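*Asks:* Generate coordinates for the sequence data below:
(2 chains)
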Amino acid sequence: MTTEHSMTAPRELGKLPFGRAGIWWFLASEIMTFGGLLGAYTLQRISHGGWHAEMQHLNAYIAALNTLFLVTSSLTIVLAHQATERGDRVRARNMLWVTVALGIVFLCNKGVEYSIEFDHGYFPWTSTFWSFYFTMTGLHALHVAGGVVWNTCLAIAASRAIWPKVSHRVEYAGLYWHFVDVVWIFLFPLLYLS
Amino acid sequence: MSMQAHAESPAHHFDHPEPTTFLRKYVFSVDHKVIGKQYLGIGVFMAVAGGLMAYLIRWQLAWPETPVPGFGWVPEPYMYEGAIPPEFYNSMVTMHGTIMVFFAAMPILLGAFGNFLLPIMVGAPDMAFPRLNMMSVWTLGVASLVLIASFFMPGGAAAHGWTGYAPLSAKAAYTGVDWGGTLWILALALEFASFLMGGVNFLVTAINMRAPGMSLMRLPLLVWMQLTAAVLFMLSVGPLVAAAIMLLLDRTLGTGFFLPERGGDPLLWQHLFWFFGHPEVYVILLPGFGIVMEILPVFARKPIFGYRSIVWSTIAAGALSFIVWAHHMFVSGIDARLATPFSITTILISVPFAIIMFAMIATLWGGSIVLTTPMLFALGVIATFLIGGVTGIFLGSAAVDIYLHDTYFVLAHFHYTLFPSVILAGLGGLYFWWPKMTGRMLNETLGKIHFWLTFIAFNCVFLPLFLVGVGGHHRRIYDPYQYDFLKPFQPVHEFATMAAIVLILSQLLLLVNVVMSLMSGEKAPANPWGANTLEWQTDSPPPHGNFKTVPTVYRDPYDYSVPGAALDFLPQTHP
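*Replies:* Numbering: from 1, shown residues only, chains lettered A, B, ... in the order given. Predicted coordinates:
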């Protein structure tokens, strides 16, 4: 079987933009990292008694509020992406800044929650439940912080001349931000509600 | 979408001009060919370090607590006038494994051969993300420095074994190594980050940047194997990253994930480590096999036997490798009912590998075999991996493994799988692609002597160790002869150590060969071996951007001795 191609034919680049393909592979490995943590936590929780009692000391109200902020920020980054697609630069920039603000509010809220827990004497080394709680939410918070930095860079770029060259990255930042959101959607019921 | 497509046009990615300054060209290069050589440099440097550690370990096993020749200069408390104390022996065992798997095998097989060959073989001008590629190699450089630095910390380098079993690894007091163990985790984390970035690059390049006509089923098998390895690594390393974070917190923050007295579970580490650890074996093995797959058809002057079967077997072996991990834990106290399913999946994995081995042998059948140096190494891989693979079937069976676990039988088994795929295949690949990498030929006579010395010496080291293992000799014992029943094994250990010294010294022949080639080697033509794949259809070494015009692919990668053709090979670019 031979396919005829002229030597001057343009290079076939596949259907996926490079960045989108790359970010999906990156997210696949991230899923495995959080999957490992969540799986370990779930199995340990099943095989060890008493974690339900410790869980009662978590503040589900702060976490529920945080869920609201994060889910809303997922909406705003979709709106930013939509505005970018339409070429509405100002709206894209504004929506990115709202996303950044919601991410920062989430992190502040998380900080308040941690400090309340420290005040009550619950530290990462208090028991295995608290170790898992602080490790999982801490790693997630680091991912939120990373996303905030990335979104901030994009929001700043939206006011600059470089924008047409980098605006396609809003989609990739959005994919990552959704992933961070989804991780929290798993963490919230597993830690606070179960 | 049209705007996005424009922003990501190939021109946007690859219009970087040819660099002119030394720093841009050789140090901070974004050219995949230079980056491949940088990986090779790091990998070979670390392999030499790991090899010298093997020498120290072997010396201690043959003549315990006697001064090691050539190591009298090492200060206390590492060594005492050349003699190895127990703590340092533990560090050596740990670091030999860590270095060889993560800092030699992966950089050489994936980093060097993958980086140099994958874009050229698919007909691309560079990697999909050239700057990410540079970041990968620099991250590996930092990781290597962190690992080397751990030797100079108070207490020395990590001493908990390359598998880092908890609770031994979870508390500094258990091994007496504080910072060494923490830096070990940090170095591994950086290494993982490096190869995750590299894996993203490999996948996007091979999927998105193939030349016109290069369909998936026309990819050289090395590309398939590199891709499978990249996917395996990306999907398996996550849980170990999670485990590494937990272990780091156990060591530094005082959590108790893996400490039983704190309510933690040491078995959890083993599960997370081996969930990664077994796919990792294939991350190393498959690129090595890929090299053999490229060499065999060229020097048998025959198409590879069963291309599609090999591709599907590779994918099947990769998929199966995710559900075999507990075969490392048959004696760790897992539920006995789990042992049987894991035995079955483990033995099942020998089916795709048997298909691959048979395809290699069938490729040779009736071929016009030319015994060049690369071909000798490729044949050496088949011969030795066969022993490694077959002994793996013994160990996969839980009933047998319970007796053989952690003996020298296991050690001999995995050296018989990893030495062929890393060292023999790596050296074969180096002899094969050296003309393409440097534009100069290597000396064939020296190469053949190098092969025979390496091949014979390797077998002399590890074949006797199977017997020692069946005799009940456990590994990781500092001085075996403190036990009466192990005393009769000393002559075997002495023989293996002498063979190991020959094995290490014979690598000097490669050094001589390489230096001679670089100084006064014969100029390499574009296609010295008469091979079909795209890297041989461009200059040696390939120019910036790899091809003068975009190559168009018309045929399979292994069209050798096609009836009626003028030459006994038809390059992939031949209409």
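*Asks:* State the distance from the residue positioned nearest the centre of chain B to B:I315.
*Replies:* For chain B, the residue nearest the mean C-alpha position is B:A105 (2.8 Å; Cα atoms, centre = their mean). Distance, B:A105 to B:I315, by Cβ to Cβ, to the nearest Å: 21 Å. Using the backbone N, CA and C atoms, a C-beta is placed for each residue, glycine as well.
*Asks:* Tell me, what's the model's pLDDT at the residue nearest to the centre of chain B?
*Replies:* Looking at B:A105, its pLDDT reads 97.
*Asks:* so it touches B:V422, yeah?
*Replies:* Yes - counting by Cβ atoms under 8 Å, B:A105 touches B:V422, with 4.4 Å between them.
*Asks:* Which neighbours do these two have in common?
*Replies:* B:I284 (Cβ atoms under 8 Å, 6 or more residues apart in numbering or on different chains).
*Asks:* Not counting sequence-adjacent ones, nearest residue to B:L140?
*Replies:* B:S194 (4.2 Å; Cβ to Cβ, 6 or more residues apart in numbering or on different chains).
*Asks:* how close does the one you found sit to chain A?
*Replies:* 13 Å (Cβ to the nearest Cβ, to the nearest Å).
*Asks:* Equivalent analysis for B:G288, please.
*Replies:* 23 Å.
*Asks:* Please apply the same query to B:G388.
*Replies:* B:G388 is 28 Å from chain A, by Cβ to the nearest Cβ.
*Asks:* Quick one: name the residues of the stretch 151-300 of chain B near chain A.
*Replies:* B:196, B:199-201, B:203-204, B:207-213, B:215, B:234-243, B:245-246, B:249, B:253-257, B:262-265, B:268, B:271-272, B:275 (Cβ under 8 Å from any Cβ of the partner chain).
*Asks:* Contacts only, for the residue lying closest to B:F547 once chain neighbours are set aside.
*Replies:* Nearest non-adjacent residue to B:F547, counting by Cβ to Cβ, 6+ apart: B:T538, 5.3 Å away. For B:T538, the contacting residues are B:I120, B:A526, B:N546, B:F547, B:K548, B:P551, by Cβ under 8 Å, 6+ apart.
*Asks:* Try it again at 7 Å.
*Replies:* By Cβ atoms under 7 Å, 6 or more residues apart in numbering or on different chains, the contact list for B:T538 reads B:A526, B:N546, B:F547.
*Asks:* Repeat that for B:N115.
*Replies:* B:H32, B:I35, B:G36, B:Y39.
*Asks:* mind checking how far the closest residue to the third one other than its chain neighbours is from B:G123?
*Replies:* When the adjacent residues along the chain are set aside, B:G36 lies closest to B:F116, with 3.2 Å between them (Cβ to Cβ, 6+ apart). With distances defined as Cβ to Cβ, the gap from B:F116 to B:G123 amounts to 15 Å.
*Asks:* next one: A:L187
*Replies:* On the measure of Cβ to Cβ, A:L187 and B:G123 end up 44 Å apart.
*Asks:* One more: A:R160?
*Replies:* Applying Cβ to Cβ to A:R160 and B:G123 gives a distance of 36 Å.
*Asks:* In terms of neighbours, single out the busier of the two.
*Replies:* Neighbours were counted for A:R160 and for B:G123 using other Cβ atoms under 10 Å in any protein chain shown; B:G123 has more, 27 against 8.
*Asks:* show me the residues around the residue nearest to the more buried one when sequence neighbours are not counted that make contact.
*Replies:* Using Cβ to Cβ, 6+ apart and skipping residues adjacent in sequence, the residue nearest B:G123 is B:A211, 2.6 Å away. Residues in contact with B:A211 (Cβ under 7 Å, 6+ apart) are B:V122, B:G123, B:V550, B:P551, B:T552, B:V553.
*Asks:* I figured the second one was touching B:R218, is that so?
*Replies:* Translated: B:G123. No - in this structure, B:G123 is not within contact of B:R218 by Cβ atoms under 7 Å, at 10.3 Å.
*Asks:* which neighbours do these two share?
*Replies:* Shared contacts of B:G123 and B:R218, counting by Cβ under 7 Å, 6+ apart, come down to B:V553.
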